[in-house]
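> After the sequence you'll find the predicted model.
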Amino acid sequence: MRKFLFCSSAILALSIALAAQAQETQKTRSTVGQSLTPPAYSNARMEGALIPFPLPKGAEAYGDIDGKAIHQYVVDLAQISRRYRDSGHPKFWGRITGTTGERETDQWLTGKLHAIPGLTDIRIQELPLPPQWFPKSWNVTLTSGGKSIQLDSAQPDYDSAALPAGGVELDAVYAGLGTDADFVGKDVKGKAVFVYGMQGLANLDAVKRADRLGAAVVFEVSMLPGNMRYQAYPSGTKAPAFTVGNDDGTAARNMIAAAGTGVPAKVKVSLDTEKLPGLHSTMVWATLPGATDETIYITAHKDGWFDGSGDNAGGVASTLGILQHFAKIPQAKRKRTIVFIALDAHHNLDNQRNGGVGDHWLSLNKAKLFTKTALMINNEHPSTVTTQSRPRYYPGDEIAWGNTYMPLEWYAGGKQRPELNKIVWNTFREFGVPLEMDASPTPPASDMSMLAVDVPDFERDIAGIDAGEYHNYFHTDWETPETVPWTGLEAVTRAYAKIIDQVNEMPLDKLQLPKSAMK
């Protein structure tokens, strides 16, 4: 009997211990301890884990394009961003247009261009900027029941209005996804409203709806695992808008729920901003002369928020790889002149329009620049690590990484250029670049799309190629060099080089279309 009791007690104790261990395991965010801070994995581990695509048979001419060497440029550009951050800009940082971060980028880039034999007309073109928005300081704190939490991931949307000196203290309201149904029965006038959104969801217009209903401040929480800072474009609202990481948003939602219908949770929020006049943006130019005066333009914006590794250090790095490849070929064998423009991009305001002043300058000078242009490639976000957000049956609460790269959204001159579409599809496929199954009917949200808006008849007169990725790490402080696989950089750069060779076999009049072709 005693033996039975002893065994029963032992079994019970073991069961309790295992249950406690299981409960603790369930609380663990991550099976690999990688979720809470970037990067998820070290660059050394990523380099060895990634799957390189073999050089296709017959494509040996493109074997000189080395993805690991190109990836080092991504690292260099991220380090420029971090130096700007560490020089006194801890929360709004990167290769910001009009700042010393952009100036250092220009010097780095012109140095790389001067090292490529045969490049000419390497220059920096300055362009005046309208007064530029900068957030000087901000803070967000929730208080309820004697407890306080600070939302460190809160990031003001670009061009948000400042709050009164000293900040404001507001009642906090949780409004779910911010649909009309979520606001039923809620009085949000003069309050701080929290709404949720996520990459992949339809645009539910939650922030603008809260603003229309009278919210004083709006917080848009990302449902992606972790606590990323996300820099959003202008919200178009009168009320200041902030993005918030998932961990902070969950803590805020729980505090609002705990307060119940009694004394509401309070939000103390401050935001001090300024508009700086007299700044200049820049474009960096370089030309690789060909056998004719017909041109191929390659554009890649050089600015970026935070590390800006995918957006768009990857595009700049890939373009340097393209130029290095063609510089090794004798000029007489390069049919067309290649012109590279490192754009100031779309991460700043140009008189209330989103888009770099460089794009607008190009549109005003279309006739001078693009009369004999056979092709324009916009190299933007070409390689991003494959990710899944909370995969099914996955024990951790994190974004899981794969050892390859994401498929690209792509455009190749529109439906009026079936031959170019075929070339791009086949060549990307040949070099192992995954694409979405169908081409985009118009350029994706990029510098090419801005040019298409600004330039009359752009899509008719200029055959454009634009392929990029816009997923989980876009515009966040987790977009580190580790999120840019060298294998993707290598595959995309090799593919672009072969696409240029194939387009050089096509006559100019087959690429620049007559007016009738656009009907």
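Structure received. Residues are numbered from 1 along each chain as shown.

> where along the stretch 51-200 of the chain do the helices fall?
Counting by DSSP state H, counting those that start in this stretch, the stretch 51-200 of the chain has helices at residues 67-86, 100-114, 180-183.

> Would you format these as CSV with mean neighbour count included?
The C-beta positions use only the backbone N, C-alpha and C, and glycine is treated the same way. Converted to CSV, the helices of the stretch 51-200 of the chain look like this (neighbours: other Cβ atoms under 10 Å):
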stretch, mean neighbour count
helix 67-86, 20
helix 100-114, 18
helix 180-183, 15
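
> okay if I get those helices as JSON lines plus mean pLDDT and distance to residue 425?
Formatted as JSON lines, the helices of the stretch 51-200 of the chain follow (pLDDT from 0 to 100; distance: least, Cβ to Cβ, whole Å):
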{"stretch": "helix 67-86", "mean pLDDT": "98", "distance to residue 425": "22"}
{"stretch": "helix 100-114", "mean pLDDT": "98", "distance to residue 425": "31"}
{"stretch": "helix 180-183", "mean pLDDT": "97", "distance to residue 425": "42"}
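
> Those into CSV, with extra columns for distance to residue 214?
CSV is the format used below for the helices of the stretch 51-200 of the chain (distance: least, Cβ to Cβ, whole Å):
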stretch, distance to residue 214
helix 67-86, 36
helix 100-114, 38
helix 180-183, 11
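
> Could you list the low-pLDDT ranges of the protein?
Where the chain drops to pLDDT under 70, the residues are 1-37, 345, 349-355, 515-519.

> okay, now the domains of it?
If you go by automatic domain parsing, the domain ranges for the chain are 43-130+278-518, 133-276.

> so where do the strands sit in the stretch 151-300 of the chain?
Assigned by DSSP state E, counting those that start in this stretch, the strands in the stretch 151-300 of the chain fall at 155-156, 168-174, 192-197, 217-222, 241-244, 266-276, 280-288, 295-301.

> Next, the angle from the third one to strand 266-276.
Yep, that's strand 192-197 we're talking about. Comparing the axes of strand 192-197 and strand 266-276 via axes from the mean of the first three to the mean of the last three Cα atoms, to 10 degrees yields an angle of 80 degrees.

> Adjacent strands (with direction) for strand 192-197?
The pairing partners recorded for strand 192-197 under DSSP bridges are strand 168-174 (parallel), strand 217-222 (parallel).

> I'd like to know which of those strands lies nearest to residue 80.
Shortest distance between residue 80 and the strands paired with strand 192-197, using Cβ to Cβ, is found for strand 217-222: 26.3 Å.

> what does that closest one contact?
With contact meaning Cβ atoms under 8 Å, 6 or more residues apart in numbering, strand 217-222 is reached by 140, 151, 154, 163, 168, 170, 192-199, 206-207, 210-211, 228, 230, 232, 235, 237, 239-246, 248-250, 252-253, 267, 269.

> what's the longest strand belonging to the chain packed up against?
In the chain, taking DSSP state E as the definition, the longest strand is strand 132-144. Judged by 3 or more Cβ pairs under 8 Å, 6 or more residues apart in numbering; DSSP states H and E, strand 132-144 is in contact with strand 147-150, strand 241-244, helix 246-259, strand 266-276.

> let's see 7 Å
strand 147-150, helix 246-259, strand 266-276 (3 or more Cβ pairs under 7 Å, 6 or more residues apart in numbering; DSSP states H and E).

> Can you check what angle separates that strand from strand 266-276?
170 degrees.

> Kindly point out the strands partnered with strand 132-144 and how each is oriented relative to it.
Here strand 132-144 is paired, per DSSP bridges, with strand 147-150 (antiparallel), strand 266-276 (antiparallel).

> Tell me which of those sits most buried.
Ranked by mean neighbour count, those are led by strand 266-276 with a mean of 18 (mean count of other Cβ atoms under 10 Å).

> Reformat the strands of the stretch 151-300 of the chain as TSV; add distance to residue 478.
Putting those into TSV (distance: least, Cβ to Cβ, whole Å) gives the following:
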stretch	distance to residue 478
strand 155-156	12
strand 168-174	25
strand 192-197	17
strand 217-222	11
strand 241-244	13
strand 266-276	23
strand 280-288	27
strand 295-301	20
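
> And those strands: which comes nearest residue 394?
Closest to residue 394 of those is strand 217-222 (Cβ to Cβ; 18.6 Å).

> Next, the contact list for residue 448, please.
Neighbouring residues of residue 448 by Cβ atoms under 7 Å, 6 or more residues apart in numbering: 378, 464, 466.

> quick one, phi/psi of the last one?
Backbone geometry at residue 466, expressed as degrees, to the nearest 10, gives phi -150, psi 120.

> Contact partners for it?
Residues near residue 466 by Cβ under 7 Å, 6+ apart: 378, 380, 411, 443-444, 446, 448.

> Counting only helices, which of the residues you listed make the cut?
Within the contacts of residue 466, residues falling in helices by DSSP state H are residue 448.

> State the pair within the contacts of residue 466 that is farthest apart.
Spatially, the most separated pair among the contacts of residue 466 is 380 and 411, at 11.1 Å (Cβ to Cβ).
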